[in-house]
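> Kindly generate the corresponding structure for this input.
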Amino acid sequence: MMITAQILPLLLISLPKFSTSQQNTCPLGCLCDEEKQQVICDGPTVVNLPDRIPSGFDVLIYRNTSIRAIAKNSFRKMDKLAEVHFENNNFLSTIEKMAFKGMKRLKMLKFSNCRELTEIQKNSFSGIGNQAGLRILFEFTPIRRVEPNAFRNAQNIRELAISGEELALSRYSLANINQLDFLTISGVVLIEPEIFTNSTRFHSIHIKNSNFDVPPNCFSSLSHTSLLLIEQSRINSIAPDGFSGLSTIQIIELHANQIGTISARAFANVENLGELKILRNTITELDTSEAIFSQALKTRVEENTLDCGCGLKWMNSVQEISDINFCGTTGSFRSIRSFIKSKCLIPPKTQHYISNTGFPSFSNCLLLIFVILFNLKI
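Numbers count the residues shown, from 1 in each chain. As a prediction, this is how the structure comes out:
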């Protein structure tokens, strides 16, 4: 008995300290961990969000519950929360407009493995944000559509990450946001034009593991951005003016993508662009120099694999490009310059008529006249 009496205090110390007055202070169906300052609501019997939580607790975790919707102003009496986590909530399907309005201290909002949450509806995150910077993360949650103005008047977002499935970004889906430092999106199948209208102060935009077309004015009105990166995606086509309307962009980079067509003047109307980087992509069609034309201070087109044809002769005049981009299997993986020299030279029958200056010599002119007169006589 003495050994048990000695061990029991140690066991009590190692266990989480839960509120002893749960009936009065902790929401029904939840546990309040005083040591971690967490309110944990767990289990299928939990069907609603609490009206309030005890003072001094700044983390709310909803796990394995039967909650179906986050209603408007759900957190109006929980505005001191620093973190809210929704984990494995298999019935959660709706985030109503202004659901998180007024949460000025929130630093983390995370949705993890909420399999029925497929849309971010209009104004769902309107007015959200704080001075410290907020992270909004969707992980293993199959978002398929972001509606227009879903983040209207959101401010000071440190990070927004959406790992979607067959995700469609509607027109104005990321519009009217005032400062978003890091935006990461994956699983995109559709981007409509003008998704960033009236949004300002985006530091970095990263689109990856997607399959979509870039329509005209896709990123229109985006400005003062350090990096716009699209990588490891299939881009079926980049339309003329696909990147038009951007201004004051440090870097636009396409990296390790499979690209069908880059149209002429795709990057032409980007104002105040520092660097355009087209690196290590597989490109089917790039038959005009205007496809990479821009006003960038620096352009890097390197280590891309192209479907080679004599339509790429324009690239042969730019040695630093033609030597560091390569043909696909039909071109035996040789450099563009090597391919053009071997496959697209002037036919031998006409070569001897051309002088070193690029014009027919006097003697060859006489020869040509003789041939013409001879043929007329015949």
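> tell me which element the residue nearest the centre of the chain falls in.
When CA atoms, centre = their mean is applied to the chain, the residue found nearest the centroid is I207 (2.2 Å). Per DSSP states H and E, I207 falls inside strand 200-208.
> what's the helix or strand following that strand in contact with?
Going down the chain from strand 200-208, the next helix or strand is strand 211-214, by DSSP H and E. Strand 211-214 is contacted from outside by 188-191, 233-239, 242-243, 266, using CB atoms under 8 Å, 6 or more residues apart in numbering. (Each C-beta comes from the backbone N, C-alpha and C, glycine too.)
> cool, and stretch 293-309?
Here stretch 293-309 has contacts from 252, 264-265, 267-268, 270-287, 292, 312, 321, 324-328, 330-331, 333, 336, 339, 343, using CB under 8 Å, 6+ apart.
> Narrow those to just the buried residues.
Neighbour counting with 16 or more other CB atoms under 10 Å marks 252, 265, 267-268, 270, 273, 275-278, 281, 283-287, 292, 312, 321, 325-327, 331, 336, 339 as buried within the contacts of stretch 293-309.
> Okay, now the sheet partners of the strand holding I207, with direction.
strand 178-191 (parallel), strand 223-231 (parallel) (DSSP bridges).
> Redo those as CSV? Include mean pLDDT, mean neighbour count and distance to G29.
Listed next are the strands paired with strand 200-208 as CSV, based on pLDDT from 0 to 100; neighbours: other CB atoms under 10 Å; distance: least, CB to CB, whole Å:
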stretch, mean pLDDT, mean neighbour count, distance to G29
strand 178-191, 96, 19, 33
strand 223-231, 96, 18, 44
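> Looking at the ones you listed, which is nearest to E116?
strand 178-191 (16.6 Å; CB to CB).
> quick one: the helices in the stretch 201-350 of the chain?
For the stretch 201-350 of the chain, the helices defined by DSSP state H, counting those that start in this stretch cover 313-316, 319-322, 336-343, 348-351.
> Please apply the same query to the stretch 1-150 of the chain.
Remark: helices assigned in the stretch 1-150 of the chain by DSSP H, counting those that start in this stretch are 2-14, 22-25.
> thinking again about what came up before, using a markdown table, lay out the helices of the stretch 201-350 of the chain together with mean pLDDT and distance to S126.
Shown next, in a markdown table, are the helices of the stretch 201-350 of the chain (pLDDT from 0 to 100; distance: least, CB to CB, whole Å):
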| stretch | mean pLDDT | distance to S126 |
| --- | --- | --- |
| helix 313-316 | 86 | 48 |
| helix 319-322 | 85 | 46 |
| helix 336-343 | 90 | 50 |
| helix 348-351 | 46 | 69 |
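> Ok, which of those comes nearest I120?
helix 319-322 (41.2 Å).
> what bridges to the nearest residue to G129 once chain neighbours are set aside?
Excluding the flanking residues, the one nearest G129 by CB to CB, 6 or more residues apart in numbering is Q155, at 3.5 Å. Beta bridges link Q155 to N178 when assigned by DSSP bridges.
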